[in-house]
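J.: Sequence below, structure please.
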Amino acid sequence: MRMTGAGNVVCRRAFFFACGGFPQHQLFRELGGEDGALGIATTKIANVATCFQDAGVLHYCHEGMHAERLLNSILFGKPPEGVTPEKMAEAEGITNRICQRIEQLKVGLNSSRIGINPLKMEWD
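T.: Next comes the predicted model:
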């Protein structure tokens, strides 16, 4: 449930853009949760620090809001209408693509060989 509720997130613009911003996939236009997909991906690929041990956000709820549907799903096993296992798998795939995008960047950015270097090619 962490990183899926409303709140304020601070990150570097370059990181946000490297993640592709908030996912624009049609699935999220239908079901919502694009902020959750980005938040969950962030916890898988980066160090996420919080400023508080206690709750830092006071939520005012209204009937039918996204958080209510999420809690009903988690606490009572009552999935929101229209959310199928296939759609959940699709959403997880989108989150995984965000993670892959950053992992691909890490490979190049974390190289100790910076600058112009010879490419050694071998054939069998």
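J.: Return the residues in contact with the spatially most central residue of the chain.
T.: By C-alpha atoms, centre = their mean, the chain has its centre lying nearest to Leu38, at 2.3 Å. With contact taken as C-beta atoms under 8 Å, 6 or more residues apart in numbering, Leu38 is in contact with 19, 21-23, 98. Heads up, the C-betas are built off the backbone N, CA and C, glycines and all.
J.: May I see these arranged in JSON lines, with secondary structure, distance to Glu63 and neighbour count as well?
T.: Formatted as JSON lines, those follow (DSSP: H, G, I helix; E, B strand; the rest coil; distance: C-beta to C-beta, whole Å; neighbours: other C-beta atoms under 10 Å):
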{"residue": "Cys19", "secondary structure": "coil", "distance to Glu63": "33", "neighbour count": "22"}
{"residue": "Gly21", "secondary structure": "coil", "distance to Glu63": "31", "neighbour count": "11"}
{"residue": "Phe22", "secondary structure": "coil", "distance to Glu63": "26", "neighbour count": "14"}
{"residue": "Pro23", "secondary structure": "coil", "distance to Glu63": "27", "neighbour count": "21"}
{"residue": "Ile98", "secondary structure": "helix", "distance to Glu63": "31", "neighbour count": "22"}
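J.: and the strand or helix carrying Gly93, which residues are buried?
T.: Using DSSP states H and E, Gly93 sits within helix 85-109. Buried residues in helix 85-109, counted by 16 or more other C-beta atoms under 10 Å: 91, 94-95, 98-99, 102.
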